[in-house]
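A.B. asks: Below are the sequence and a predicted model; questions follow.
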Amino acid sequence: MKIRWLGHSAFVLTSDSGTRILTDPYESGSYDGAVGYKPITETVDIVTASHEHEDHFCLKGLPEGFECVTKAGKHEAGGLAITGVKTYHDETKGKERGPNVIFVIDIDGLRVCHLGDLGHTLSGDELGAIGKVDVLLIPVGGFFTIGPKEALKVMKALSPAVTIPMHFKTESLGFPIEPVDNFLSLAGEHERPGASEIEITKDGLGSKRVIVLEHEL
């Protein structure tokens, strides 16, 4: 499986058979230009969206022909099993920013978990519903989501083999959130391959790794 970071919380996952999944596609230029990443125009088979905010759910510019998964529960799309787990965008059960859906995607023998705009640490029931995680895509910027300290707790609770941070401050994002370095200072050892895409295989999983990708758009 290949994982490519477009920017913000948007990734393209490509299976060995060529199935392509796009997570949380943002609207370029939304929030008065704060989302400065370039437009997404990928041809994909599946789109998952954790919630309906403009920086996580925009289908404009995407070629037709994909399935869209936005709800909690068990789904099958493009021949893949996808599980949505209901959570919240804040610490007050959605009273401030609404709901959030975590998606776990079974792909090439790996379980990839995209936390969306998770705004709180996870309960025992939520951890049980998520289950085993091999690859974790986790927000770390704080303010609108969990911040570095909470992200570290969530990462340790889920215990993935590979953790990839997302939703942090970059030169293309005008939100008042923290840079990835604040999370990395707590997480410790990490890798920066200097690329937007990496390949991960089930056989290649070893010791726990935190990998910081470069946004492509």
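C.D. replies: Structure received.
A.B. asks: Can you show me the strands along this structure?
C.D. replies: 2-7, 10-14, 20-23, 46-48, 67-69, 73-77, 80-88, 99-107, 110-114, 135-139, 162-166, 197-199, 209-210 (DSSP state E).
A.B. asks: Looking at those, which one is packed in the most?
C.D. replies: strand 135-139 (a mean of 26; mean count of other CB atoms under 10 Å). (Each C-beta comes from the backbone N, C-alpha and C, glycine too.)
A.B. asks: Show me what the mean pLDDT comes to for that one.
C.D. replies: Mean pLDDT, computed over strand 135-139, is 98.
A.B. asks: Next, the buried residues of whichever helix in the chain runs longest.
C.D. replies: What stands out as the longest helix in the chain, according to DSSP state H, is helix 148-158. Within helix 148-158, the residues that count as buried by 16 or more other CB atoms under 10 Å are 148, 150-152, 154-155, 158.
A.B. asks: Please look at residue 88 and residue 115 and confirm they touch.
C.D. replies: No: if you go by CB atoms under 8 Å, residue 88 and residue 115 don't touch, sitting 11.6 Å apart.
A.B. asks: returning to what we had before: closest to residue 123 out of the strands of the chain?
C.D. replies: Of all the strands of the chain, strand 80-88 sits nearest to residue 123, with 9.1 Å by CB to CB.
A.B. asks: Show me the strands paired with that closest one, marking each as parallel or antiparallel.
C.D. replies: Here strand 80-88 is paired, per DSSP bridges, with strand 73-77 (antiparallel), strand 99-107 (antiparallel).
A.B. asks: Dump those strands to a markdown table, plus mean pLDDT and distance to residue 49.
C.D. replies: Below are these laid out as a markdown table (pLDDT from 0 to 100; distance: least, CB to CB, whole Å):
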| stretch | mean pLDDT | distance to residue 49 |
| --- | --- | --- |
| strand 73-77 | 97 | 13 |
| strand 99-107 | 98 | 8 |
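A.B. asks: right, and these - which one's nearest residue 197?
C.D. replies: Comparing the strands paired with strand 80-88 by CB to CB, strand 99-107 comes nearest, at 15.1 Å.
A.B. asks: Let's see that closest one as CSV, backbone CA atoms only.
C.D. replies: The C-alpha coordinates for strand 99-107 follow below in CSV (Å, rounded to 0.1, in the frame of the first residue of the first chain):
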residue,chain,number,x,y,z
PRO,A,99,-19.5,15.1,15.4
ASN,A,100,-16.4,13.5,13.9
VAL,A,101,-16.1,10.0,12.3
ILE,A,102,-13.0,8.0,12.6
PHE,A,103,-12.4,5.6,9.7
VAL,A,104,-10.6,2.3,9.8
ILE,A,105,-9.8,1.0,6.3
ASP,A,106,-8.6,-2.6,5.8
ILE,A,107,-6.3,-2.6,2.8
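A.B. asks: Excluding chain neighbours, give the residue nearest to residue 206 in space.
C.D. replies: Sequence neighbours aside, residue 161 is the residue nearest to residue 206 in space, at 7.3 Å (criterion: CB to CB, 6 or more residues apart in numbering).
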